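A.B. asks: Here is a sequence together with a model predicted from it:
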Amino acid sequence: MSKAKIGIVTVSDRASAGIYEDLSGKAIIDLLTKYLTSEWEPVYKVIPDEGDVIEATLIDLADNQDCCLIVTTGGTGPSKRDVTPEATEAVCDRMMPGFGELMRAESLKFVPTAILSRQTAGLRGDSLIVNLPGKPKSIRECLDAVFPAIPYCIDLMDGPFLVCDEAVIKPFRPKAK
């Protein structure tokens, strides 16, 4: 079984300038460490809120680093600098709108401002790219909601088989007939 490579990208001018500790990217790594029992390797990046930089990073992680999954955090709100969804759409071959729909529905259980979030997901080659919000609490809520579908999505793309700790998160894979 090959070791899965998973890209974790924090999109923030403050984080890339080293002004604050990147709690969001670390929260994703911590969650994936809890979720996954199969071997995996994080490919971690902190980049500014610039569309061309986000696009180049996603392309590199998908095409050159061979990440089966790329998870971004930040840049999904309504501010003028929040361009992560646009960059994701620009590099994807096909979009997976159900991810964003489910994340917003889950977040609405906690805050009415979830409707301001523009998370999305898409496919580039053999990679699934998922945009998460920027706050660790919201990251957990959203990733808990969508992660059960991620291993099967990667299976369907002939990616590495992700094994989960089912006491923590239970992936859904249809039973063979």
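C.D. replies: That came in fine, so what should we check first? Predicted model, so just to flag it, every value in this text is computed and none were measured.
A.B. asks: Assign the spatially most central residue of the chain to helix, strand or coil.
C.D. replies: The centre of the chain sits closest to V71, judged by Cα atoms, centre = their mean, with a distance of 2.2 Å. Assigned with DSSP: H, G, I helix; E, B strand; the rest coil, V71 falls in the strand class.
A.B. asks: How about G75?
C.D. replies: Reduced to three states by three-state DSSP, G75 is coil.
A.B. asks: can you count the residues close to the closest residue to it other than its chain neighbours?
C.D. replies: Spatial nearest neighbour of G75, chain neighbours left out: T84 (3.3 Å); criterion: Cβ to Cβ, 6 or more residues apart in numbering. C-beta here means a position set from N, CA and C on the backbone, and glycine is covered the same way. By the criterion of other Cβ atoms under 10 Å, T84 has 28 neighbours.
A.B. asks: where's T84 relative to L61, distance?
C.D. replies: 14 Å (Cβ to Cβ, to the nearest Å).
A.B. asks: what's the answer for G159, then?
C.D. replies: G159 is 14 Å from L61, by Cβ to Cβ.
A.B. asks: got it, and P160?
C.D. replies: Per Cβ to Cβ, P160 is found 15 Å from L61.
A.B. asks: In terms of packing, which of the two has more residues around it?
C.D. replies: For P160 versus L61, neighbours defined as other Cβ under 10 Å are more numerous around L61 (25 against 22).
A.B. asks: if we can go back for a sec, would you agree the residue nearest to the centre of the chain is in contact with T10?
C.D. replies: No - V71 is beyond contact range of T10, at 9.9 Å (criterion: Cβ atoms under 8 Å).
A.B. asks: Now do the strands in the chain.
C.D. replies: The residue ranges that make up the strands of the chain, judged by DSSP state E, are 4-11, 40-47, 69-73, 94-95, 121-124, 127-132.
A.B. asks: so how far is the fifth one off the chain centroid?
C.D. replies: Think strand 121-124. Taking Cα atoms, centre = their mean, to the nearest Å, the mean C-alpha location of strand 121-124 is offset from the chain mean by 10 Å.
A.B. asks: repeat for the third one
C.D. replies: Centroid separation between strand 69-73 and its chain, computed with Cα atoms, centre = their mean, is 3 Å.
A.B. asks: Starting from that strand, tell me which strands it pairs with and how they run.
C.D. replies: Pairing partners of strand 69-73, with direction, according to DSSP bridges: strand 4-11 (parallel), strand 127-132 (parallel).
A.B. asks: about what we covered before: which residues does the residue nearest to G75 contact?
C.D. replies: 11, 49, 54, 72, 74-76, 131 (Cβ atoms under 8 Å, 6 or more residues apart in numbering).
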